[in-house]
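In: pasting the structure only:
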C-alpha cells in the first residue's frame with residue numbers, strides 16, 4: 001500500500017477531529033449535542049492537540065496507517081442510538097520519539113483525565129509497572145486511551161487504557177498477560193484463554209485493555225492477533241464465549257473480508273472481555289476490512305449489509321461527510337469492523353481513520369470498476385432525498401402526471417447524451433461499448449411520449465422550453481457539458497455510469513410507484529418490462545468483451561472521473577428537489593393551467 005501525502009496548512013489535530021465529528025454528527029444522532037462531542041474530544045487530546053499539523057506527524061502513531069494519533073469508532077446495535085468513541089495516543093511536547101517519552105506523556109494524560117472525575121486508577125496502578133518500557137525497548141506503542149464521547153451527562157466516565165503485552169518483546173508477552181490477569185482477579189480467565197488459543201496455531205498477544213472503573217462490570221480485555229487464520233478456525237476460538245452463535249465468525253468473515261480465508265495480508269483480531277459480573281468471556285471479532293477491499297466504497301458496501309435499517313440509511317452519508325475525499329479514491333478510511341453478540345443481538349462497530357496526513361491508495365490500478373463504486377455511493381445518497389422517499393410512499397395518478405411531465409426534457413435529451421458520447425469516443429474498444437449502450441436505449445424516448453399521452457399530457461415546444469422546465473433544462477445542459485469538458489474516452493464512459501446509476505435509483509422506484517397506483521394504464525416507459533430491459537444491458541457485462549475491471553485510468557484521469565461523477569449527482573439531487581417541489585402544486589392549480597386532468 002502506498003500513500004499520498006496531503007498538506008493541511010493552518011490545521012491542527014483539534015481542528016481535524018472537530019471536522020470529522022461534525023461530519024458524523026450531520027448524519028447520526030448520538031444523543032448529545034455536537035458541541036458536547038467536540039468539547040469532550042478537546043478535553044481528551046489536551047493542549048498538544050492545538051499544535052499545527054505539518055506534512056507528516058512529529059511521531060508516527062500506530063493507531064492509524066498514516067500516523068494520525070487518533071481514530072473514531074461508531075457502534076451500532078439493533079435498538080438505540082449509535083455511540084461515538086475515540087481512541088487516541090497522548091502527544092509529547094518534545095519531538096524526540098522514544099517509548100519512555102510516550103509512557104511519560106500517556107501518564108500525564110491519564111492523570112489529567114482522572115482529575116476530571118469518575119475515573120478509578122486502582123486497577124491500572126496494580127499492573128502498570130510491569131508494562132512500563134525499559135530504556136532499550138523498541139515497542140511500537142506503550143499506552144493508549146479510549147473514551148465514549150457520546151456518553152450521557154451524569155453517567156460515570158468510560159475511560160479505558162490499552163497496554164502493550166509485547167513491550168518487553170514477543171517472547172515475554174504470554175507471561176505478562178497471565179501475571180496481569182491473576183493480579184486483577186481473573187485467574188480463571190487465563191486458563192480459558194489458553195484453552196481457546198490452543199485451538200488455533202500462530203497467534204500473538206496484541207493489546208491488554210482496562211476499563212478505569214471500580215464497579216463489578218469493569219472489564220479486562222485481551223486482544224489476540226491471528227496470523228493466516230481461516231474463518232472455520234476462528235469458529236473454534238470463539239466457541240462457548242458469551243452470547244456467541246454458531247456460524248457467526250464464518251458469516252462475518254466471509255461477508256466483510258470477501259471469503260473464507262486464510263487471511264494473510266493483516267491478521268484478524270479476537271478479543272475476550274472478562275469482568276467480575278460476567279462469568280463467561282465475551283468475545284468480539286475485529287476484521288481489518290481495509291486490507292481485503294479494493295477501496296472504501298467496497299468496504300462500505302460490505303458493512304452496509306450488516307447495519308440496522310435505521311443506521312444503513314445514513315451510513316454512506318456519514319462516512320462521506322467524515323471523509324475529505326471520495327470513498328472510491330483510496331482505502332483505509334474504514335479500518336476495522338468488529339462484531340459481537342449483545343443479548344443475542346448483533347453489535348457492529350466501525351473504526352474510522354481521520355486521515356490527517358495521507359490517503360492510503362490501493363495497490364491495484366484505478367479502474368472504471370472503482371468509479372462504479374463511487375457511483376454506488378452517490379446513488380445511495382440520492383435514494384434518501386425527499387423525492388425518492390416520496391416515491392416509496394402512497395401513489396397517486398395526479399402526482400405521477402406531475403413528475404413524469406417534469407422529467408420530459410431530461411428524458412428526451414438523454415438520447416443526445418448517448419449519441420454525443422458515442423461520437424466523441426475514438427478508442428475502438430471503448431467506442432464499441434458506447435455504441436452498444438446507445439443502441440440498447442434507442443427508441444425509449446418514444447415509449448416515454450406514449451406514457452405521457454396516456455395520462456393526458458401532450459408534449460409541445462411551448463411548455464418544454466417554458467419557465468416550468470427551465471431548472472431541469474439547466475441541469476441537463478450541465479450534464480451534457482461533461483461530455484464536452486473531458487478529452488478522455490474513459491471519463492466519457494464514466495459519464496454513462498453516472499447517468500445509469502442515477503437512472504436506476506429513480507426508475508426502479510417509479511415503476512413500483514406506478515404499480516401501486518389505482519389506475520389501469522398501458523404504460524411502456526414506466527413499465528416493469530422497461531425496467532427489466534435496463535437491467536439486462538450488456539454494455540459493461542463481466543462476461544462481455546470488456547469489463548469495468550479491464551479499463552484502467554491514470555491517477556489524473558481517475559480524479560477527473562470522480563469529480564465529474566460528483567457534479568452529475570449534484571445535478572440529479574437538484575433535479576429531485578425540483579420534482580419534489582412540483583408535487584406540492586395543488587390539483588386545482590394544475591386545472592387552472594389549462595391542462596387536462
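Out: Happy to help now that I have it. These numbers were taken from a predicted model, which means no experiment stands behind them.

In: just for the chain, where's the confidence low?
Out: Residues of the chain that meet the criterion pLDDT under 70 lie in 1-10, 55, 93-96, 118, 154-157, 199-202, 279, 358-365, 532-549, 584-597.

In: Which parts of it are strands?
Out: Remark: strands assigned in the chain by DSSP state E are 2-5, 70-76, 83-88, 143-148, 160-163, 203-211, 220-226, 268-274, 282-287, 334-342, 345-352, 358-361.

In: how about a markdown table for these, with distance to residue 21 added?
Out: (Each C-beta comes from the backbone N, C-alpha and C, glycine too.) Shown next, in a markdown table, are these (distance: least, CB to CB, whole Å):
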| stretch | distance to residue 21 |
| --- | --- |
| strand 2-5 | 23 |
| strand 70-76 | 7 |
| strand 83-88 | 7 |
| strand 143-148 | 13 |
| strand 160-163 | 19 |
| strand 203-211 | 23 |
| strand 220-226 | 25 |
| strand 268-274 | 25 |
| strand 282-287 | 23 |
| strand 334-342 | 16 |
| strand 345-352 | 11 |
| strand 358-361 | 20 |
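
In: can you put the ones you listed in JSON lines and add mean neighbour count and distance to residue 412?
Out: Below are the strands of the chain laid out as JSON lines (neighbours: other CB atoms under 10 Å; distance: least, CB to CB, whole Å):
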{"stretch": "strand 2-5", "mean neighbour count": "12", "distance to residue 412": "42"}
{"stretch": "strand 70-76", "mean neighbour count": "22", "distance to residue 412": "44"}
{"stretch": "strand 83-88", "mean neighbour count": "21", "distance to residue 412": "47"}
{"stretch": "strand 143-148", "mean neighbour count": "22", "distance to residue 412": "55"}
{"stretch": "strand 160-163", "mean neighbour count": "22", "distance to residue 412": "60"}
{"stretch": "strand 203-211", "mean neighbour count": "20", "distance to residue 412": "60"}
{"stretch": "strand 220-226", "mean neighbour count": "21", "distance to residue 412": "58"}
{"stretch": "strand 268-274", "mean neighbour count": "23", "distance to residue 412": "53"}
{"stretch": "strand 282-287", "mean neighbour count": "23", "distance to residue 412": "48"}
{"stretch": "strand 334-342", "mean neighbour count": "21", "distance to residue 412": "41"}
{"stretch": "strand 345-352", "mean neighbour count": "20", "distance to residue 412": "43"}
{"stretch": "strand 358-361", "mean neighbour count": "21", "distance to residue 412": "40"}
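
In: Which one of those lies nearest to residue 392?
Out: Closest approach to residue 392 among the strands of the chain is made by strand 70-76 (22.8 Å; CB to CB).

In: Measure how far that closest one is from the centre of its chain, please.
Out: What separates the centre of strand 70-76 from the centre of its chain is 12 Å, taken as CA atoms, centre = their mean, to the nearest Å.

In: mind listing what that strand pairs with, with the direction of each?
Out: Sheet pairing of strand 70-76 (DSSP bridges) gives strand 83-88 (antiparallel), strand 345-352 (antiparallel).

In: so which of those comes closest to residue 37?
Out: strand 83-88 (6.3 Å).

In: Kindly calculate the angle that that closest one makes with strand 143-148.
Out: Calculated by axes from the mean of the first three to the mean of the last three CA atoms, to 10 degrees, strand 83-88 forms an angle of 160 degrees with strand 143-148.

In: I figured residue 451 hits residue 511, correct?
Out: No - contact criterion CB atoms under 8 Å: residue 451 and residue 511 do not qualify, at 11.4 Å.

In: which residues do the two both contact?
Out: residue 526 (CB atoms under 8 Å, 6 or more residues apart in numbering).

In: Just put the strands paired with strand 70-76 in a markdown table and tack on distance to residue 528.
Out: Putting the strands paired with strand 70-76 into a markdown table (distance: least, CB to CB, whole Å) gives the following:
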| stretch | distance to residue 528 |
| --- | --- |
| strand 83-88 | 42 |
| strand 345-352 | 34 |
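
In: what's the closest of those strands to residue 15?
Out: Between residue 15 and the strands paired with strand 70-76, the shortest gap by CB to CB is with strand 83-88, which sits at 15.0 Å.

In: circling back to that earlier point, which of the strands paired with strand 70-76 sits closest to residue 17?
Out: The nearest among the strands paired with strand 70-76, by CB to CB, is strand 83-88 at 8.0 Å.

In: Now residue 148: closest residue in space that isn't a chain neighbour?
Out: Nearest non-adjacent residue to residue 148, counting by CB to CB, 6 or more residues apart in numbering: residue 158, 4.3 Å away.

In: typed the wrong thing, it's residue 128
Out: What sits nearest to residue 128 in space, not counting adjacent residues and going by CB to CB, 6+ apart, is residue 163, at 7.7 Å.
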